[in-house]
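# here is the input, now give the coordinates:
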Amino acid sequence: MHGYLALILHAHLPWVRHPESPRFLEENWLFEAITECYLPLLEKIEGWSTLDRPWGINLTLTPTLCAMLQDDLLKDRYSKHLDLLLELAERETFRTYWDKQLKPVAEMYLARLRQLKDLWLRLDEDLVAAFARWQNAGFIEILSCAATHGLLPLLEDFSDSLHAQIETACVDYERCFGKRPTGFWLPECAYSPKLEPALTRAGIRWFVTESHGILHARPQPRYGTLAPVLTPNGLAVFGRDNDSARQVWSRDAGYPGDPVYRDFYRDIAFDLDYDYLSRYLPAAPQRTFTGFKYHAIGTRAGEAPIYDRPMALRKAAEHAAHFLQARKEHLHRAAEIMECPPIITVPYDAELFGHWWYEGPEFLDYFVRKAVCDQEFLQLTTVSNYLAEYSRHQVVQPNTSSWGEEGFWKVWLNETNEWIYPHLRATQERMSELARQFTDPNPLQERALNQAGRELLLAQASDWPFIMRAGTSPEYARKRLTEHLLRFHSLHEQLTLTQIDEIWLHQVEEIDRLFPNIDYRSWRG
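Now for the predicted structure:
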């Protein structure tokens, strides 16, 4: 064995739950991810568990995602969503029956959805418990993350809120997985040294940064991102490998852009008659993705061909072999000059594999199987297992950094979203004041205080400024942020000036029903 590879899949979605509407467009973010990413990943892990040689991967399940995956309303809605997809798949096999090119693709969708429905039922509709079982079996390590994926460096001047984001997440992790986390995914890989006291206080042992967070550390790390470093506070830090990221993420050179892979954007929602599709559109009459796509990416200059699934799978196997060979060559060069076995850290958004890149789960499957069964040069490992075996590392001070535009948090603080931060600042100050003022609340007051904490955490989510910057659903992001702030200030007024409206409080608790073990005292610092 000459080196290690730590594959880290970061699974996250913002809290989206709308009981006031029977169907809500943004809830499809979760439904699409379950169908295209999370169920396929669990299916692959189950297959890898039968391999003869040891392996391990790392996975982030953020607290908001776990809350949605465990929510009875959303699980029921997903089951209905899956049944509608199956119904549409059956109709598509009839519609394409006489089309020699489209029929195999339609039949593929029908067979695939039936497999996923069987898996969903076999897992008792509880994906969090399924992932927990694989962690308990030693195959995966699950990282925690900030409670609502708040950009933590923007909270560093509000130590109470920083502590609450981290501690609420760790308490919820313990509720889901039966123990405190040791690994922590910094939202957006955003790091500054002022985060470390809150991380160490929560019992965190390691986290991941963007590559330049390590490469620009002081003193400069001897082995770059090929070995973890220790901060002066004793936290282990792993830096993202640039070459691995480029081969998958690059717009021009990345694997997902290959012409034979399925086109993400060409969907029957925009090609077929509305009357035929209306029953399957989550926000009719608005046309939105159904997931039924019949075309490959093709060349930029020519017409996109019909998707050829066997050809795409062959290409995914080729890309997996190429990816593995590149990592082996990298490790071989590094092992010749390093004192301890090198480790390549390769973090990706989990939703890339299956949602944005339809063949992504198969790429992962081929890669893991080839890495485990076809070579002995590198080992797939969980980060904690690597640290347990190799604990002595260079002490440095990592550089302030994040991923995203310009390697800093420009995406989350710019002219499109800067207006939100004065509001968050005032709200954070009020929450700390409430936590210190109410030292012995009655049960109703404690409910209101905890709900105020939930609303603040949800307002701090990095998703809302990101969406505003990206322009994908900016009106929804502004609406959600405003609603959480208004609910907080209503609760603050009821707690300090008037009286608590228990009926209204119950309604708000039913809308934002996550973090059952939240404790407003976390904001006391």
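# buried stuff in stretch 225-239?
Buried residues in stretch 225-239, counting neighbours by 16 or more other CB atoms under 10 Å, are found at 225, 226, 227, 228, 229, 230, 231, 235, 236, 237, 238, 239. Yep, even glycine has a C-beta here, placed from its N, CA and C like the rest.
# now it: average pLDDT?
Mean per-residue pLDDT for stretch 225-239: 96.
# and if you look at stretch 453-467?
96.
# same question, stretch 107-115
98.
# against residue 403, how distant is the nearest residue to residue 225 once chain neighbours are set aside?
Nearest non-adjacent residue to residue 225, counting by CB to CB, 6 or more residues apart in numbering: residue 239, 3.6 Å away. In this view, residue 239 and residue 403 are 11 Å apart by CB to CB, to the nearest Å.
# what is in contact with those two at once?
Counting by CB atoms under 8 Å, 6 or more residues apart in numbering, the residues touching both residue 239 and residue 403 are residue 210.
# which ones are touching residue 97?
Applying CB under 8 Å, 6+ apart, the residues near residue 97 are residue 103.
# quick check: it vs residue 275, distance?
The spacing between residue 97 and residue 275, counted by CB to CB, is 20 Å.
# what about the strands in this structure?
Shown for the chain, the strands assigned by DSSP state E span residues 3-11, 57-61, 140-145, 183-185, 206-209, 229-230, 236-239, 343-349, 378-380.
# rebuild those strands as a markdown table, extending it with distance to residue 484.
A markdown table is the format used below for the strands of the chain (distance: least, CB to CB, whole Å):
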| stretch | distance to residue 484 |
| --- | --- |
| strand 3-11 | 23 |
| strand 57-61 | 22 |
| strand 140-145 | 19 |
| strand 183-185 | 22 |
| strand 206-209 | 27 |
| strand 229-230 | 37 |
| strand 236-239 | 32 |
| strand 343-349 | 24 |
| strand 378-380 | 40 |
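# got the buried residues for stretch 298-307?
Quick answer for stretch 298-307 (16+ other CB under 10 Å): 298, 304, 305, 307.
# my guess is residue 11 contacts residue 351, does it?
Yes. Here residue 11 reaches residue 351: they are 7.0 Å apart, a contact under CB atoms under 8 Å.
# ramachandran coordinates for residue 98?
Backbone torsions for residue 98, taken as degrees, to the nearest 10, come to phi -100, psi 10.
# please parse this structure into its domains.
Following automatic domain parsing, the chain resolves into domains at 3-406, 414-524.
# quick one: end-to-end distance for the longest one.
Distance between the boundary residues of domain 3-406 (CA to CA, to the nearest Å) amounts to 31 Å.
# how far off centre is it?
With CA atoms, centre = their mean, to the nearest Å as the basis, domain 3-406 stands 6 Å off its chain's centre.
# start the count at 24 instead of 1 going forward.
In the new numbering, first residue 24, that becomes domain 26-429.
# in CSV: the buried residues of stretch 248-262, plus distance to residue 480.
Compiled in CSV, the buried residues of stretch 248-262 are given as follows (distance: CB to CB, whole Å):
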residue, distance to residue 480
248, 32
249, 36
250, 35
251, 30
252, 30
253, 30
254, 26
258, 23
259, 27
260, 25
261, 26
262, 28
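# for the stretch 424-548 of the chain, give me the ranges with low pLDDT.
The stretch 424-548 of the chain contains no residues with pLDDT under 70.
# helices of that one, start to end?
Remark: helices assigned in the stretch 424-548 of the chain by DSSP state H, counting those that start in this stretch are 443-460, 466-482, 486-493, 497-519, 525-534.
# surely the residue nearest to residue 248 meets residue 229?
No. With contacts defined as CB under 8 Å, residue 262 does not count as touching residue 229, sitting 11.7 Å away.
# where does the prediction get shaky in the stretch 224-373 of the chain?
For the stretch 224-373 of the chain, the stretches with pLDDT under 70 are 274, 323-325.
# ok, which of the strands of the chain comes nearest residue 196?
Counting by CB to CB, residue 196 lies closest to strand 163-168 out of the strands of the chain; the figure is 4.4 Å.
# contact partners of the closest one?
31, 33, 35, 68, 79-86, 154-155, 157-158, 192-193, 196, 200, 204, 206-210, 227, 405-408.
# need the buried ones from those residues selected in PyMOL.
Per 16+ other CB under 10 Å, the buried members of the contacts of strand 163-168 correspond to this PyMOL selection:
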select buried, resi 31+33+35+68+79+80+81+82+83+84+85+86+154+155+157+158+192+193+196+200+204+206+207+208+209+210+227+405+406+407+408
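# re earlier: now, among the buried residues of stretch 321-330, which is nearest to residue 100?
When these are compared against residue 100 (criterion: CB to CB), the nearest one is residue 330, at 28.6 Å.
# phi and psi next, for the closest one.
Phi and psi for residue 330, reported as degrees, to the nearest 10, are phi -60, psi 130.
# quick revisit: list residues touching both of residue 34 and residue 374?
56, 60.
# these two: who's more crowded?
For the pair residue 34 and residue 374, the greater number of neighbours falls to residue 34 (25 against 21), based on other CB atoms under 10 Å.
# show me what the longest helix belonging to the chain is packed up against.
Ordering each helix of the chain by length in residues (DSSP state H) puts helix 332-358 first. The helices and strands touching helix 332-358, judged by 3 or more CB pairs under 8 Å, 6 or more residues apart in numbering; DSSP states H and E, are strand 26-34, helix 125-145, helix 265-272, strand 366-372, helix 383-396, strand 401-403.
# give me the angle between it and strand 26-34.
130 degrees (axes from the mean of the first three to the mean of the last three CA atoms, to 10 degrees).
# what are the buried residues along helix 332-358?
For helix 332-358, the buried set under the neighbour-count rule, 16+ other CB under 10 Å, comprises 332, 335-336, 338-340, 342-343, 346-347, 350-351, 353-354, 357-358.
# and the two most separated of the residues you listed?
Based on CB to CB, the longest span within these runs between 332 and 358 and measures 38.5 Å.
# what about residue 466, how many residues close to it?
When neighbours are defined as other CB under 10 Å, residue 466 has 7 of them.
# likewise for residue 440?
Using other CB under 10 Å, residue 440 has 20 neighbouring residues.
# give the contact list for it.
487, 488, 491, 492.
# pretty sure the third one is touching residue 500, no?
Yes. Applying CB under 8 Å, one finds residue 491 in contact with residue 500, separated by 5.2 Å.
# what number of residues lie near the closest residue to residue 93 other than its chain neighbours?
Of all residues not flanking residue 93 in the chain, residue 151 sits nearest, at 5.5 Å (CB to CB, 6+ apart). Close neighbours of residue 151, defined as other CB under 10 Å, add up to 20.
# so which of the helices of the stretch 424-548 of the chain comes closest to residue 419?
Residue 419 lies closest, by CB to CB, to one member of these: helix 486-493, at 29.4 Å.
# and the closest one, what other elements does it pack with?
Counting contacts by 3+ CB pairs under 8 Å, 6+ apart, helix 486-493 packs against helix 497-519.
# centre of the chain to the helix it packs on, how far?
The mean C-alpha position of helix 497-519 is separated from the chain mean by 25 Å, CA atoms, centre = their mean.
# return the list of helices and strands in contact with that helix.
Using 3+ CB pairs under 8 Å, 6+ apart as the test, helix 497-519 ends up in contact with helix 443-460, helix 466-482, helix 486-493, helix 525-534.
# list the buried residues in it.
By neighbour count on 16+ other CB under 10 Å, the buried set for helix 497-519 is 500-501, 503-504, 506-508, 510-515, 517-518.
# the residues you listed: which two are farthest apart?
Checking these with CB to CB, the most distant pair is 500 and 518, at 27.5 Å.
# show me what contacts the residue lying closest to residue 71 once chain neighbours are set aside?
Leaving aside its chain neighbours, residue 71 sits nearest to residue 391 (5.5 Å; criterion: CB to CB, 6+ apart). Shown in contact with residue 391 (CB under 8 Å, 6+ apart): 67, 71, 78, 80, 403.
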